[in-house]
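[1] Structure, please.
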Amino acid sequence: MFKLEPRPVPSKALTFASPLIALFITVVIGVGLFVALGKDPVAGLRMFFIEPLKSPYALSELSLKATPLILIGLGLAACFRANLWNIGAEGQFVMGAIFAGGVAMQATPDTGRWIVVAVLAAGMLGGMVWAGIVAGLRDRFHANEILVSLMLVYVAEMLLSYLVYGPWKDPAGYNFPQTITFLEATRVPKLMTGLRMNIGLILALVAVAGFAIFLFRTYAGFQLQVGGLAPQAARYAGFSSRKALWTALLLSGGMAGLAGALDVAGPQGQLTPYVPLGYGFAAIIVAFVGRLHPVGIVFSAILMSMFFIGGELAQSRLGLPKAMTGVFQGLLLFTLLACDTFIHQRLRWANAK
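    Next up is the predicted model:
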């Protein structure tokens with residue numbers, strides 16, 4: 001018989017190998033699912049792992065998916081390192097889109113390109129306001145941030161629906177629930193002609209460098225992480241738990257809001273009820289697969305983006321259910337959690353008595 005027993009020292013090799021093993025197991029299970037659904041597993045895997053990388057256009061589309069995942073994942077990593085469970089990044093993403101859209105709709109034909117900065121800043125502010133509600137309730141009333149942040153997702157979605165079905169509906173939109181199309185001056189600049197890749201990718205990579213410096217090279221980042229790993233030690237050292245709470249949640253909300261602003265001022269170009277795309281929830285997996293490290297988050301965001309695009313292609317070309325995207329994401333998370341068990345535990349043979 002086998003039993004789990006604690007390792008004397010956590011396995012460094014498994015710390016790095018665990019995501020790769022989890023990905024391999026996910027692929028193996030995915031092959032089984034394709035076979036069970038009567039589909040060619042080679043064609044299915046090609047949709048998820050080859051097609052999203054095969055052309056400049058595909059890479060451009062991949063960047064549009066990866067950018068919000070990187071930004072939101074960075075903010076969530078800061079929260080999780082501070083032992084704060086912000087599960088409501090999707091709501092902060094939506095609020096960022098709403099605030100950004102509100103500014104974008106104020107533009108006139110004479111408005112200069114400077115308004116793009118205001119649009120993105122408004123998006124960050126919207127995400128921070130929504131995360132600030134979570135921080136305030138946790139700080140003042142010790143409310144559970146998991147429940148509060150998650151419930152606020154649905155409030156944000158209802159607010160979005162109210163606006164696009166009501167006061168912000170385009171009067172010339174044939175009664176569709178959508179705002180006016182944002183003027184070109186408010187749209188984020190593209191990086192290449194003919195492709196949808198935009199400056200959001202550059203902002204995301206700059207954010208990766210900024211978070212790496214903040215988390216591992218600044219005193220404030222050290223305080224935040226100590227407060228999460230060892231609250232009693234943080235209090236003994238005189239670190240403010242309230243400051244860590246507000247810093248982590250506002251950072252997380254700001255990044256999610258920026259992602260929302262880049263989405264509506266980029267590929268979408270207007271507000272619709274379909275702004276919530278699931279990035280806020282998928283970014284939770286991105287953060288953990290990336291080991292809560294900014295560089296790791298980049299690679300895990302690319303992988304998750306391939307799942308998003310692969311799911312869309314598998315649906316349109318192979319007739320697979322839309323849910324395949326979520327299935328692959330969920331498989332990756334659960335296999336990662338299973339593999340991570342063996343970082344601190346190991347299997348030993350135990351003789352039955």
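[2] Give the ranges of residues in the stretch 251-353 of the chain that sit below the confidence cut-off.
    By pLDDT under 70, the weakly predicted segments of the stretch 251-353 of the chain are 351-353.
[3] what about the strands in it?
    345-349 (DSSP state E, counting those that start in this stretch).
[4] what about residue 21, how many neighbours?
    Applying other Cβ atoms under 10 Å, we find 16 residues neighbouring residue 21. For the C-beta atoms, the positions are set from N, CA and C on the backbone; glycine is no exception.
[5] ugh, wrong one, I meant residue 217
    A count of neighbours around residue 217, defined by other Cβ under 10 Å, yields 9.
[6] Next, name the residue at the spatial heart of the protein.
    Central residue of the chain (Cα atoms, centre = their mean): residue 283, 2.7 Å from the mean position.
[7] For that one, which non-adjacent residue is closest in space?
    residue 72 (3.7 Å; Cβ to Cβ, 6 or more residues apart in numbering).
[8] Check which helices and strands the helix or strand hosting that neighbour sits against.
    Secondary structure from DSSP states H and E places residue 72 in helix 56-81. With contacts taken as 3 or more Cβ pairs under 8 Å, 6 or more residues apart in numbering; DSSP states H and E, helix 56-81 sits against helix 89-104, helix 200-217, helix 219-229, helix 241-263, helix 279-289, helix 294-318.
[9] Name all residues that make contact with residue 30.
    41, 44, 45, 48, 327, 328, 331 (Cβ atoms under 8 Å, 6 or more residues apart in numbering).
[10] Low-confidence ranges, the chain, go.
    Looking along the chain with the criterion set at pLDDT under 70, you get 351-353.
[11] let's see 90
    For the chain, the stretches with pLDDT under 90 are 1-16, 173, 193-194, 223-244, 277, 316, 318, 320-328, 333, 344-353.
[12] In terms of helices and strands, where is the closest residue to residue 257 other than its chain neighbours?
    Leaving aside its sequence neighbours, residue 257 sits nearest to residue 127 (Cβ to Cβ, 6+ apart; 2.1 Å). Assigned by DSSP H and E, residue 127 belongs to helix 115-141.
[13] Could you dump the contacts of residue 30 into CSV with neighbour count and distance to residue 119 added?
    Shown next, in CSV, are those (neighbours: other Cβ atoms under 10 Å; distance: Cβ to Cβ, whole Å):
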residue, neighbour count, distance to residue 119
41, 16, 44
44, 23, 39
45, 17, 39
48, 23, 33
327, 17, 35
328, 24, 33
331, 20, 37
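[14] Sort out for me which of these are in helices.
    Residues of the contacts of residue 30 located in helices (DSSP state H): 41, 44, 45, 48, 327, 328, 331.
[15] returning to what we had before: tell me the most buried of the helices and strands packed on helix 56-81?
    Highest mean neighbour count of those: helix 89-104, a mean of 30 (counted as mean count of other Cβ atoms under 10 Å).
[16] All good on my end, thank you.
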